[in-house]
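# Provided below are the primary sequence and the corresponding predicted coordinates.
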Amino acid sequence: MRVLAAATLKHRYADSVLGYFWALAQPLGMFAVLYLVFGQAFKLDQSIPNFPVFLLIGLALFLFFSDATTRAMAEIVAQSHLMRKLPLSPLILVVAVSVTSLVDFGLYVAALAVFVGISGIVPQLDWLGLIPLVLELYVFVFAVSMILATLNARFRDVGAIWDLLTKAFFYGSGIFFPVQLLPQWAERLALVNPFGQVMQDARALVLDDQHILTLPEALGGPIAYAAPVAITGALFAFGVLFFQRRQPWFAEGV
Amino acid sequence: MSEAAGEPSPAIRAVGLSKTFRLPHERRTTLREYVLHPFQRTEYELQRALAGVSFEVRQGEFFGVIGSNGSGKSTLLKILARIYRPDAGSVEVNGKLTPFIELGAGFNPELSGRENVRINATLLGLSARELDDRFDAIVEFAELERFMDQKLKNYSSGMQVRLAYSIAIQVSFDILLLDEVLAVGDHNFQEKCFATFEAMRESGKTVVLVTHGLETVDRFCDRSLLLREGVVEAIGRPDEVKGIYLKQEETRAGQTGHRPGGDGSLSTAPARRAGSGAGVGATTPEEEPRLSRDGIASMPPEEIENFIQGQGRPRHHAGGALELVEQVQERERDFARVAVMMHLITRRHYEYLPVPPESLRMRAGAPTSELDYHLEGLLTAEMVRNVFGEAPAKPTLEWGCGSGWTMRWLSCYPEWRTNYHGCDPDPEAVAWLSSQSSFRVEICPHQPPLPYPAATFGGVFSFDMLTWLDPREHGQWFAELARLLEAGGLAYVATNGPFTVKDDDRARTALQAQGWAYTTEGEERTRAVVTPEYTRSALDGLFRVESYHAQMYMGKSGWTIRRLD
């Protein structure tokens, strides 16, 4: 598995001159555009303190989520030559992809650290709380990956649909703007889903800013955390069952 | 053949493997199509890849799987490797099984040889430490020392296969599945691979080899299996199975217009030495004279005489229908072969004929004339001789001898006159036979037991007796067969194929409850089929299957089985 993940990474950047730099260039370019448009043109920079860090946290988490799920979805079909030739557990492929994405995410975090340094924010002990948040997100990503990979092995247009959904998600869940700007029902939706909850909690931890709305503030106290955790758990359980059930037929379908 | 007690468990035991692929005519692979046309039913074409395939591979055996393209070889291998899941049946594997469905799975052309070795070896289950230990051996065997840091895309295909095979043999396994691996690679490297085969054999590894390379099968395999349209056509000695396969290929080639001597007469009459002992179904086209069907149908006796080489044989037949046959038999030592061919031709059974057939299917059908009976007797007599030898050393019983159609032909061979015994449920036939000959013939009931003490016979052959029983009584029948045979005794049993039971759902459910196979033909008819695996289950524990030949003649399957101790 480790070898597979390493091979994927290597393969991805082998022929490009700048290698791993490209893993960063694309999100940083995206960051620059979003910063210029929303930070400068729409003046969010002035209403949100440390807007670059705010934006980069959201972007890094989102890219991890969308990259991992999108790649995992396509992986079983992409590796059909392996699936048909080796008695390989397809789960390994999904794990390898999500681990690869986790490595990319590490790069984003490194970039984020630079911006944090520039902003003059001092790391606090309670930043350790970020670790369970990332873990929660990883489980969520993995659950979604399994479901998508299973669906995609049967229906090839799941890719297009998921592309659309992630775009909607990107614009609708407060990645580059405060969730308070959304209508109330959308705000709740953006907070209650595991991704939004993780993002807002991470921002609140790093930026230590009262203006960042987190789930318990919006909805009935700490007990509200039960919702995203339950969603993650349920998706994971469903994902495992669904994947295991369909797995014997992958080799034929792809 | 050892009859050692306490047989070790087989390396692989496959029971009743079936696999059908559903090929949608217009495959709906997108959700969009489901949303747009929710009620449109997808039409599927069912492609049967495997139907009730059963066999065993013994520990330490080299087992070949052959068959033409699309016969189900690769599907079988993928099921054994647990890549595909069978629709029905089970696979039992004893030992660590490593499949090489394709050499170099996971090879990535953009990475270097070194990195590809690492990925491929890991995918095959080699740990990092094992790989470190064996890396040099891999490179050395592949003879690619100078190329390890080049990208794989710059390798020739031969070099890639060399590298892949070198990795493959470094993986530790008990059972190896190999699919068509030696197609590429130069002669030198092939020989090197063959040397590794020898090493595997010496270290007691079990190898299943799927290949078109009949030479390889001949050279290495202890037994081989012939698949045809997803059904086991034959299992047995590689040369015999190869013969059946070649014949099959020949008829196939004939279908596509490659027709030898089709000018309406006998085009060639090559001299042919008789008495090779090769069975009807196990001769290669090279040995067999080529005839055309039209030619033999209109063949004047003189030409038949020309065709036949050899000396005379005793005459045992009379009657106008046999005139033509009689004209030749006096001079024909291997008369049986010609007569069998004529029989097959008149009945349009082209399987074993070196002639282009319109139809490859053998049709079951009852003999309609005395000539038919004679010729069918002749055919079975030759098959019996093929199994039990030219001179049976021990008493041999024909269970179900009828009016002696087979017996008369067997008695043409003096060696068969002494040890032959017959029994039949038909008292008239037995009485008639006893009055006409000095053979030891007994009346036996349809149901066991037979009027012989246990272990009386060294061999038993039986054609069509199972037809008279309900398939559920087959186990009992085989138990009686085992009782009659001495330990290690050989039996040759022909079972009929399709067996119509009843046409209703209740019968179907009852059959399912009994745990035996049935098929449905269309929507309305249920046919219970005495499938190979059903027969095998009836044999289980009493006999070991030496060879199995589906579609032996007239829709019958032939089982050569040996009684266990």
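Perfect, thanks for sending it.

# what sits closest to residue 51 if chain neighbours are left out?
If you meant another chain, say so; for now it's chain A. Once flanking residues are discounted, residue A:51 sits nearest to residue A:45: 4.6 Å by Cβ to Cβ, 6 or more residues apart in numbering or on different chains. No exception for glycine: its C-beta is placed from N, CA and C like everyone else's.

# try again with chain B
Excluding the flanking residues, the one nearest residue B:51 by Cβ to Cβ, 6+ apart is residue B:230, at 4.6 Å.

# residues contacting the residue most central in space within chain A?
Centroid-nearest residue in chain A, with Cα atoms, centre = their mean: residue A:65, separated by 1.8 Å. The contact partners of residue A:65, by Cβ atoms under 8 Å, 6 or more residues apart in numbering or on different chains, come to A:137, A:140-141, A:166, A:195.

# and if you look at residue B:92?
Taking Cβ under 8 Å, 6+ apart, we find residue B:92 in contact with B:10, B:12-15.

# how close does the closest residue in space to residue B:107 that isn't next to it in sequence get to residue B:159?
Nearest residue to residue B:107, sequence neighbours excluded (Cβ to Cβ, 6+ apart): residue B:116, at 5.3 Å. Distance of residue B:116 to residue B:159, given as Cβ to Cβ, to the nearest Å: 11 Å.

# higher neighbour count, these two?
More crowded of residue B:116 and residue B:159, by other Cβ atoms under 10 Å in any protein chain shown: residue B:116, with 25 against 20.

# quick one: the more buried one from residue B:105, how far?
11 Å.

# need the phi and psi values for the nearest residue to residue B:143 once chain neighbours are set aside.
Closest residue in space to residue B:143, ignoring its immediate chain neighbours: residue B:162 at 6.8 Å, by Cβ to Cβ, 6+ apart. Dihedral angles phi and psi of residue B:162 (degrees, to the nearest 10) take the values phi -60, psi -50.

# returning to what we had before: got a list of what the residue nearest to residue B:107 touches?
B:104, B:106-108, B:152, B:163.

# let's see stretch B:387-398 as PDB, backbone CA atoms only.
Output of stretch B:387-398 as PDB, limited to C-alpha atoms (Å, rounded to 0.1, in the frame of the first residue of the first chain):
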ATOM      1  CA  VAL B 387      -9.300 -48.200 -21.600                       C
ATOM      2  CA  PHE B 388      -8.700 -51.800 -20.500                       C
ATOM      3  CA  GLY B 389      -6.000 -52.700 -22.900                       C
ATOM      4  CA  GLU B 390      -5.800 -55.200 -25.700                       C
ATOM      5  CA  ALA B 391      -5.700 -58.100 -23.300                       C
ATOM      6  CA  PRO B 392      -7.400 -57.800 -20.000                       C
ATOM      7  CA  ALA B 393      -5.500 -59.700 -17.400                       C
ATOM      8  CA  LYS B 394      -8.400 -60.000 -14.900                       C
ATOM      9  CA  PRO B 395     -12.100 -60.800 -15.200                       C
ATOM     10  CA  THR B 396     -13.800 -57.900 -16.700                       C
ATOM     11  CA  LEU B 397     -17.600 -57.300 -16.600                       C
ATOM     12  CA  GLU B 398     -19.800 -55.600 -19.000                       C
END
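
# show the average pLDDT along it.
In this model, stretch B:387-398 has a mean pLDDT of 85.

# give the buried residues for that stretch.
In terms of neighbour count (16 or more other Cβ atoms under 10 Å in any protein chain shown), stretch B:387-398 has its buried residues at B:387-388, B:392, B:395-398.

# do the same with stretch A:105-118
For stretch A:105-118, the neighbour count (16+ other Cβ under 10 Å) marks A:105, A:108-109, A:111-112, A:115-116 as buried.

# now, among those, which is nearest to residue B:475?
residue A:105 (63.8 Å; Cβ to Cβ).

# contact partners for that closest one?
Neighbouring residues of residue A:105 by Cβ under 8 Å, 6+ apart: A:60, A:63-64.

# how does it look with 6 Å?
When contacts are counted by Cβ atoms under 6 Å, 6 or more residues apart in numbering or on different chains, residue A:105 touches residue A:64.

# quick check: it vs residue B:543, distance?
63 Å.

# equivalent analysis for residue B:163, please.
46 Å.

# which of those two has more residues huddled nearby?
residue B:163 (27 against 23).

# okay, now residue A:77: neighbour count?
Residue A:77, neighbours per other Cβ under 10 Å, totals 17.
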